[in-house]
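Chemist: got a structure for you, letters missing:
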């Protein structure tokens, strides 16, 4: 994956930043936090409803940036160009379906991106500023999206460990 190679290059520029391992790169449509076991069935039903009649899509990862800004980064990300509108629509469907299942909505607007790193101390990321600016229009490749996954994450000192709980295929009927 080209983005994994890019992370390796950036890691040498800012080694104190918490870089996401290649096998953990993912896009979050909805962060659920801790879900009690009695709520899990409602979440699964909502996700199944959200993807009903939703066909597969392709996304193009273009450019690097940071939230809230490159000058004060907390999250380093790869942007989404092609497929961005489809992801916004899919995320909106997920929010609506889960809200019907009494799962609270996210109030912040959704911005499709792939998180590459988390910055604990913004001063440690200053060397990244020019690297991000130099790559703000670079195409890092395309990715087919054929399913969404309900994931469990467990935090460890070495980073989060993700476990897929259930897949929801994107296949319009």
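Modeler: That came in fine, so what should we check first? From a predicted model like this one, the values you see are computed outputs, not experimental measurements.
Chemist: which parts of stretch 106-115 are buried?
Modeler: 106, 110, 112-115 (16 or more other C-beta atoms under 10 Å). C-betas here are computed from N, CA, C, even on glycine.
Chemist: Please tabulate these in JSON lines, including the columns distance to residue 143 and secondary structure.
Modeler: Listed next are the buried residues of stretch 106-115 as JSON lines, based on distance: C-beta to C-beta, whole Å; DSSP: H, G, I helix; E, B strand; the rest coil:
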{"residue": "106", "distance to residue 143": "23", "secondary structure": "coil"}
{"residue": "110", "distance to residue 143": "18", "secondary structure": "coil"}
{"residue": "112", "distance to residue 143": "12", "secondary structure": "coil"}
{"residue": "113", "distance to residue 143": "13", "secondary structure": "strand"}
{"residue": "114", "distance to residue 143": "9", "secondary structure": "strand"}
{"residue": "115", "distance to residue 143": "15", "secondary structure": "strand"}
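Chemist: what's the farthest-apart pair in these?
Modeler: Checked with C-beta to C-beta, the buried residues of stretch 106-115 reach their widest spread between 106 and 114, with 17.6 Å between them.
Chemist: how about residue 41, phi and psi?
Modeler: phi -60, psi -40 (degrees, to the nearest 10).
Chemist: burial of it, as a residue count?
Modeler: Applying other C-beta atoms under 10 Å, we find 10 other residues in the vicinity of residue 41.
Chemist: Return the distance of it relative to residue 85.
Modeler: 31 Å (C-beta to C-beta, to the nearest Å).
Chemist: Same question for residue 53.
Modeler: 17 Å.
Chemist: Same check on residue 66?
Modeler: Distance, residue 66 to residue 85, using C-beta to C-beta: 23 Å.
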